[in-house]
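Participant: I need the structure of the sequence given here:
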Amino acid sequence: MLRQAVTIRILASALAATLSLAGTARSAEEPALSGYTCCNLHYDKDWISDANWSSLAMLPAGAAIKTTGYGRYRIMVEIDGRKMRLGQDYGRQQSLADWARNLIVAQDPRPKIAAWPAPARNAIRAGKVALGMSKEQVLVAVGYPPMHQTPSLEALQWKYWHTSFGSYLLVWDGSGRLKDVLADPQTRHGVLHEPGR
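Facilitator: As a prediction, this is how the structure comes out:
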């Protein structure tokens, strides 16, 4: 009986250690990164989902960011000294490390943004898209589309969400320029930057 109780305690201890490790960084897979936010990121309190709902408050592209830890589909970061969490809620087809490398870039994107034409700059500042933008400009403006609906950036349409219920499609022309935004009128108004509106 005593031997069985000891065995159970050892197994329970091993299970607890395994579960604890599941919520911490695995250094061989997830790198410590620091640099700048690739793009505009939208957040609720300290949470930034890979859905990047554009209706939420926005952290602008080029904010200082560094990883502080990893969990299951989570990356703990500091952005401009503020503790936040990045959540891979939908695009889990991509490794957490690759997703982190998309979001955290070595070069500050702000000088590049400053050199782009005014329509692109103004749209990015507003966290919106403008017709005629390049794919790179759109990625800076609204981030990467969640991979579960847009597995390849070579696709002719990218699917995003303005809210958890309001999705929209970005349609590309043959030269990689934004041709149209397909959405209900309210969502389209929320994501398409149109001068004078």
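Participant: mind listing what's buried in the helix or strand containing residue 119?
Facilitator: Assigned by DSSP states H and E, residue 119 belongs to helix 118-126. Using 16 or more other Cβ atoms under 10 Å as the test for burial, helix 118-126 gives 119, 120, 121, 123, 124, 126. Every C-beta, even on glycine, is put in place using the N, C-alpha and C of the backbone.
Participant: for it, what is the average pLDDT?
Facilitator: Averaging pLDDT along helix 118-126 yields 97.
Participant: quick check: the closest residue in space to residue 164 that isn't next to it in sequence vs residue 87, distance?
Facilitator: Leaving aside its sequence neighbours, residue 164 sits nearest to residue 53 (Cβ to Cβ, 6 or more residues apart in numbering; 6.4 Å). Applying Cβ to Cβ, to the nearest Å, the value for residue 53 to residue 87 is 12 Å.
Participant: higher neighbour count, these two?
Facilitator: residue 53 (17 against 14; other Cβ atoms under 10 Å).
Participant: surely residue 181 forms part of a strand?
Facilitator: Yes - applying DSSP: H, G, I helix; E, B strand; the rest coil, one finds residue 181 inside a strand.
Participant: sorry, back to before: I'd guessed the residue nearest to residue 164 sits against residue 161; true?
Facilitator: Yes - using Cβ atoms under 8 Å, residue 53 is in contact with residue 161, at 5.4 Å.
Participant: helices along this protein, start to end?
Facilitator: With helices called from DSSP state H, the chain shows them at 2-22, 96-103, 110-115, 118-126, 135-142, 185-191.
Participant: among these, which gets the worst mean confidence?
Facilitator: Taking the mean pLDDT of these, helix 2-22 comes last: a mean of 40.
Participant: who touches the residue positioned nearest the centre of the chain in this structure?
Facilitator: For the chain, residue 50 is the residue whose C-alpha lies nearest the centre (Cα atoms, centre = their mean; 4.1 Å). Contacts were defined as Cβ atoms under 8 Å, 6 or more residues apart in numbering; by that measure residue 50 touches 86, 87, 88, 89, 90, 91, 99, 144, 146, 147.
Participant: show the pLDDT at it.
Facilitator: Listed pLDDT for residue 50 reads 95.
Participant: how close does it sit to residue 30?
Facilitator: Computed as Cβ to Cβ, the residue 50 to residue 30 distance reads 15 Å.
Participant: with just CA atoms, put the longest strand along the chain into CSV.
Facilitator: Secondary structure of the chain read by DSSP state E shows that its longest strand is strand 64-71. The C-alpha coordinates for strand 64-71 follow below in CSV (Å, rounded to 0.1, in the frame of the first residue of the first chain):
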residue,chain,number,x,y,z
ALA,A,64,9.9,48.4,-29.9
ILE,A,65,9.1,44.7,-29.1
LYS,A,66,10.9,41.8,-27.5
THR,A,67,9.8,38.3,-26.5
THR,A,68,9.9,37.4,-22.8
GLY,A,69,8.4,33.8,-23.0
TYR,A,70,6.3,31.3,-24.8
GLY,A,71,3.3,29.2,-23.9
